[in-house]
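[1] Sharing a sequence plus its predicted fold:
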Amino acid sequence: QVHVVESGGGSVQAGGSLRLSCVVSGYSSSRSCIGWVRQAPGKEREQVATIYTGGGRRSYADSVKGRFTISQDIAKNTVYLQMNSLKAADTAVYYCAAGRDGGTSCDFRYWGQGTQVTVSP
């Protein structure tokens with residue numbers, strides 16, 4: 001059984017930083033990928049950052065490039081999202097998801113419960 005558990009959300013002022021953690025257990029694939037997807041009230045879901053665990057390739061949404069960094073600690077089965085220079089527009093529930101590398105994108109199949117990130121102006 002696959003488990004995806006996020007942690008690290010919270011409230012911060014604009015310009016501040018937060019680090020989200022995601023532990024994925026029970027899932028192993030030579031072509032796996034793990035990413036962060038966020039959803040703000042009244043807005044569409046946005047894929048923020050993804051890491052392709054096979055080769056370490058990373059992708060980011062334009063809205064977070066240069067501010068967010070996704071990384072992984074394979075020994076701990078953990079993926080991190082370091083978020084710097086946070087803006088009020090980054091306020092959302094952040095979901096960690098794991099899936100299979102589809103070549104051009106990640107086919108997310110397993111989702112965590114989400115963690116709230118709130119950035120005050």
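    In hand now; what should we look at? Residues are numbered from 1 along each chain as shown.
[2] What pLDDT is listed against the residue nearest to the spatial centre of the chain?
    Relative to the mean C-alpha position of the chain, the nearest C-alpha, by Cα atoms, centre = their mean, is the one of residue 36, at 2.1 Å. At residue 36 the predicted local distance difference test score is 98.
[3] I'd like the distance between the nearest residue to it once chain neighbours are set aside and residue 12.
    Spatial nearest neighbour of residue 36, excluding adjacent residues (Cβ to Cβ, 6 or more residues apart in numbering): residue 48 at 4.5 Å. Bear in mind the C-beta positions are built from the backbone N, C-alpha and C, glycine included. Distance check for residue 48 against residue 12: by Cβ to Cβ, to the nearest Å, it reads 16 Å.
[4] separation between the residue nearest to residue 74 when sequence neighbours are not counted and residue 100?
    Setting aside the residues directly before and after it, residue 74 is nearest to residue 53 in space (Cβ to Cβ, 6+ apart), at 7.5 Å. Computed with Cβ to Cβ, the distance linking residue 53 and residue 100 is 11 Å.
[5] Tell me how many other residues surround the nearest residue to residue 97 once chain neighbours are set aside.
    Once flanking residues are discounted, residue 97 sits nearest to residue 108: 3.9 Å by Cβ to Cβ, 6+ apart. Residues within reach of residue 108, counting by other Cβ atoms under 10 Å, total 20.
[6] ok, residue 48 and residue 12, which is more surrounded?
    Summary of the neighbour comparison: residue 48 and residue 12, criterion other Cβ under 10 Å, with residue 48 having more neighbours (23 against 17).
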